[in-house]
Structures are given as C-alpha cells and as structure tokens.
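>>> just need the structure, nothing else, for what follows:
(2 chains)
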Number of protein chains: 2
Amino acid sequence: MSTGCVIGVDLGGTKLLAGAVDPELNVHHRATRAAHAADHHAVIDTVVSAVSEVRDAIEGGSGCVKAVGIGIPCLIDQRRGIAVMSTHLPLADVPFRDLVAERIGLPVFVDNDANAAMLAEWRFGAAREARDAALLTIGTGVGGGLVVGGALQRGSQGAGAELGHMVVQADGPRCNGNCPNRGCLEALVSGTALAREAQRLALQRPRSGLGRALAAGREISGPLVTELAHDSDPAAVDAVAAIGRWLGVGVANLVNMLNPDVVVIGGGVIAAGELLLEPAREVVMQRALSPSKQHARIVPARFGAESGMLGAATLALDELGAFA
Amino acid sequence: MSTGCVIGVDLGGTKLLAGAVDPELNVHHRATRAAHAADHHAVIDTVVSAVSEVRDAIEGGSGCVKAVGIGIPCLIDQRRGIAVMSTHLPLADVPFRDLVAERIGLPVFVDNDANAAMLAEWRFGAAREARDAALLTIGTGVGGGLVVGGALQRGSQGAGAELGHMVVQADGPRCNGNCPNRGCLEALVSGTALAREAQRLALQRPRSGLGRALAAGREISGPLVTELAHDSDPAAVDAVAAIGRWLGVGVANLVNMLNPDVVVIGGGVIAAGELLLEPAREVVMQRALSPSKQHARIVPARFGAESGMLGAATLALDELGAFA
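Model (predicted):
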C-alpha cells in the first residue's frame, strides 16, 4: 500500500485532530477543529469537514486515501458502527460509521477513542510487545484502553475498558453529565478536576503564581496549571501532585486487577509529565501488591496528544489488511 | 480416563476442602481440615494429610488418582509453582507445587484459589459460555478471577485478578495483614467486614436478634449473621445489605471496566443469597454505565462453597488432557 494512506480522526471531548497516515505511521497532513457541537449532525459535519481538508491536501499531491478510522469518546457498538452513548458529545444511538461513510464515499471504521489510543501505543508505542497493558487518556474526561492476554479487549458488547469510570472514592464528587456515578477516576483526575483543584489552591494561596493568575483574571485551565507547574510555581506543582495521587489510586487498582506489564498515561494532562507521574508511582508503591507493583511500568504515552489519531488510523490500516 | 480421577484441593484462608473428582465432575470423596497453621511446613502437612485421606478412600475402592490440583489464596508464580505471597496464610516464596509433589508422589498443579473457582464456574457453572466474566469469592478475604476475551486471565506474571484489592473508598478502613492498602473491596465486603458491621448494629440495636445474640455471649460471625438474616432479623438483614451495597460499588467497577456477560459471587458470604445480591444489583444500576449494566448478569456461584475445589480439580484434569 505504498501508494496510499488512511485518515485517522481523534474526536475528543473538546477538539478534533485528523491526520493522513501511511502504513509506516508517517503523518502527511493534519487538520484540527473544535469538537463541541449542538447535536450529532453538527458533530458529523465537523468530522466530514476535517476529513475533506486532509483528503484534498493529500490527493492534490500524489496520495490516495483508502479509508477513514475514527476514535470517538463514546460507548461504541463496534459491529454495527453505532455511537451508543457519550458523556461528552451529543451522541446517542447514532449510526456514526454509516452516516460518515455516506458523506465521504470511503470505508469508515469506528472505535472508542481511548481504545484507538491503546491500539497505537500497544502496536507502536509505549506498550509495544506488552502482553497485558492498560491506558488512561486524561483530558476533558478520562478514557481507558485494555490489552489483556495479548489482545485489545473491548468487553462482551464493545462497551468495556471504561477505566475512567472506576470508582476510587465511593462518596467522592459527582462525575460528569451522562455518568450517574460518584468518585470515578474521571471525577478526580480529568483536566476539569485539575482546574478545579488549582482554582481551590489559587484562592488559598493568593501570592502563588496560580493565585496571581486568578487575580489577573486568567482562566485557571489545565494547560495554564501545567505551564505554571513546569515553571516551578509551588501551588501549581501541588495541584498537579494532588491529581497524580488520585491517579495513583486508580493505577494501583489496575496493577492489582490486571498485573500489567505497563500502564500508559496519555491525553492532554500528561503534558505535566513526571510532575504527575511521580506522585502516582509513589501511591502505587504504597497501595498495590507485590510482585505486580514492582513489575508494572507507569509511563507517558509515546505519541502524546496524537495517540488517538494514530490509533484511529491504525484501526483503518488493520481493517484494510495493510499490516497483514 | 474413565478409570481414574484427580484430587482437587481448595486451601482457603481458614479451612481446606479436598475432593476426588472424575472427568464428569462427580465428587467421590471429600475431606476437610482447618487451614490455619503456624508456618508453611504445617500448611503443607495439612494438604498432604487431606490428600492422603481422599486417596486412601478412593484407591481402597476401584479408583486411581492421577494428579492433584491445588487452589491457594496466594499470589502464584504459576510457571514455577511457587506461592509468592499470601495475605491469609504463612506462605512467602514457597515452592509449594514441588514440596507437595515430593511428599505424595503425584503430579501437582497449583493456581490462585479464586482463579480455580473462576475456572470451574466458567467451564461448568454460572459463567458457562461467557466471553467475558468476573468472579468474586467472598470469605475470610475476597478473591477474584477473570475471563476476558474468552480466556482465563492471570496477568503478565500470574499475579492478576486480585479483584478484592480494588480500592473503592480511598480513605476507607485498612485492609488485611499483608495488604498495605485502604478501602479495598476486601476491607469492606469480606466475612470479617460483615461480622464487624453486624457487631456495630448489635450494639446499636440491643433488642434485635443480633443484639440479643451478642448479649447472650455468642460470637457475631458471618455465618450467624447470615442465619439471622434468613430468619428476617432486621438488624442482620441490614448488616448483609450494607455489605451488599459496597459489593455493588465493586461490581459496578467491574461492569464499567470489563463489560462482562456475567459477574459471579461465590465464597462463604454468598450463603446470604439474594439478601446480599439484591442491594448489590441496585447499586450497579445506580452507578454503572449503559449498556454494560443492563447486559451483565450478577449471580451466585453455581457450585457454592465447592467452586474452588472443583476448579482445582479442573486445573489438574486440563493439565492431564482429560478434556482434550
């Protein structure tokens, strides 16, 4: 398939990244969009617009797009290509695959966005050659992916690996919109939770960098907190560490339950790097069982913010038999 | 193999059950022992004594014992047959398989006791034909077993499926002896936790059956609470329901993470039956995501207190190729 490529689309809770990817996993053109939309028609318009931009850029050159893979932050009925339920986008029982395929006239394959990220990291990235691995993508929400016994696992209906909706504090804060639960990992370690913790510390510590940013009227967002933490603002470092310790409780659970070779942390919040992972690792060593806790590596995603897009492309390449 | 059978041994945290089992899963003779022991030599003496009793009973008749399977409440290095670490028995880096095999002169196979129970329930019992299933055995502690993607899964080192050491309340009670964690399922739903909750309610409600039992100097044990609950003592019913609701939080996690066809509840505490399972199911419906929560059946182990013994026998029969 040296003459062709696929388009991978990572449809996040807040933004979309599409890229033309060849079978050697080189990315030839990228397009981004805001993902937020009023209804599923608008979501599909956004996907089609980004795919068209990438396709025009590639096919205007020498390339030829063979298929599209899409990762969606959603419970997916993969056999039928239906977006069953999303906690972040207006998608409920939408025949996503067929609606997009009709519009663009190419084969389309869909999967949960975090399953796609797990696929890319497992095949080519931080979980390469693992027999057992878990991935958490920490962004607007917290997605999960699982490799168990040497295979990507989606559960009996394809709705599994919702690792972000693992309760670690039963009486903890309410989770997001469509999740009825409390004290889920998503409620405690998402970008939203990081911003909330930072807001609390900014009010408590007005002389810190976080406190001054708040006083200056800046929005206390995940990226701002991460930036200030990398600049060694103690309040921002503490906010990231608090999230890291909750992450550690969730990772300890994964380590005890799955005895994985590696736990990969991706998504926007992993921009905090070791400031997030070091407190998480400490909690895993305090809470998890031997020998699993000594065995499991806890590492950042190799492909960073592009895991999902590359994984969606990998899904399409797999379906085309490009790796066969 | 109509002329032979194997011996399955379920070595629990407090008691041992051994049985001679044929390839049709009929049990021909049973032996029980107290499992508690001062050191691993005494544990092995107990196993050998129970196996010898069963073997003598069988071989005195027409049978012939071909192998022994043993389920141990322990992290197991299955390839080398080593009992790595137990939260309930004095076993640390003990070459259990070889020590027992030397003593009895038969092939011995070992696995975690809850993995063995999962194997029996999956092959012949409540999880039969499931592609994805989880099992919790609730006794002195809480053991776990996993079937993911149509295979029994033990993790990359064979130390996985420690579902009892999943944290559901990060600041909850300390877990048992060798587990360094807090708020594990085991700390909240084991027989020990049931007795503790019942003790608390007995003091609060002295006129209840539980309260009167305490006043009469009876030990408030799991079996007593279960018996009183079946006799409709409201305090005992409430104690079982409180444990059932915590169980529901853990099962909701399993449902979200694995999208299983079935979650099987075994061990001594399942003697409470629907008094335990009904509150658990309610919490799963409140906390877990669709469509997984509608899909997963939450059921008692078919083989009750014998799942572990039958599973250990199944392990040995598998290794002998009796089902091939």
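>>> end to end, how far does stretch A:258-270 reach?
End-to-end distance of stretch A:258-270 (CA to CA, to the nearest Å): 22 Å.
>>> is any part of that stretch close to chain B?
Yes: contact of stretch A:258-270 with chain B (CB under 8 Å from any CB of the partner chain) involves A:258-261. For glycine as for every other residue, the C-beta is placed from the backbone atoms N, C-alpha and C.
>>> ok, now which ones touch residue A:257?
B:144, B:146, B:160-163, B:166, B:257 (CB atoms under 8 Å, 6 or more residues apart in numbering or on different chains).
>>> need the buried ones from those selected in PyMOL.
To isolate the buried members of these in PyMOL, using 16 or more other CB atoms under 10 Å in any protein chain shown:
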select buried, chain B and resi 144+146+160+161+162+163+166+257
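>>> the most centrally placed residue in chain A is in what secondary structure piece?
In chain A, the centroid-proximal residue (CA atoms, centre = their mean) is residue A:137; its distance is 3.4 Å. Assigned by DSSP states H and E, residue A:137 belongs to strand A:133-138.
>>> got the angle for the following helix or strand past that strand vs strand B:142-148?
Following strand A:133-138 in sequence order, the next helix or strand is strand A:142-148 (DSSP H and E). Strand A:142-148 and strand B:142-148 meet at an angle of 80 degrees, taking axes from the mean of the first three to the mean of the last three CA atoms, to 10 degrees as the criterion.
>>> what does strand A:142-148 contact?
By CB under 8 Å, 6+ apart, the list of residues contacting strand A:142-148 reads A:73, A:112-119, A:121-122, A:127, A:130-137, A:152-153, A:160-164, A:184-186, A:189-190, A:258, A:260, A:267, B:146, B:148-149, B:153, B:257.
>>> and the contacts of residue A:257, which of them are in strands?
Among these, the members falling in strands are B:144, B:146 (criterion: DSSP state E).
>>> what sits closest to the residue in the stretch 51-200 of chain A that chain B sits nearest to if chain neighbours are left out?
Closest to chain B within the stretch 51-200 of chain A is residue A:155: 2.4 Å, counting by CB to the nearest CB. Counting by CB to CB, 6 or more residues apart in numbering or on different chains, residue A:155 lies nearest to residue B:259, which is 2.4 Å off, once chain neighbours are set aside.
>>> count of residues packed around the one you found?
A total of 28 residues lie near residue B:259 under the criterion other CB atoms under 10 Å in any protein chain shown.
>>> flag the shaky bits of the stretch 201-324 of chain A, pLDDT-wise.
Within the stretch 201-324 of chain A, the ranges that satisfy pLDDT under 70 run A:323-324.
>>> what secondary structure does the nearest residue to residue A:112 once chain neighbours are set aside sit in?
Leaving out its chain neighbours, the residue that sits closest to residue A:112 by CB to CB, 6+ apart is residue A:76, at 5.2 Å. Under DSSP: H, G, I helix; E, B strand; the rest coil, residue A:76 falls in the strand class.
>>> and residue A:290, by the same measure?
coil.
>>> so what's the closest residue to it other than its chain neighbours up against?
Excluding the flanking residues, the one nearest residue A:290 by CB to CB, 6+ apart is residue B:85, at 5.9 Å. Residue B:85 sits next to A:289-291, B:74-75, B:91-93, B:178 when contact means CB under 8 Å, 6+ apart.
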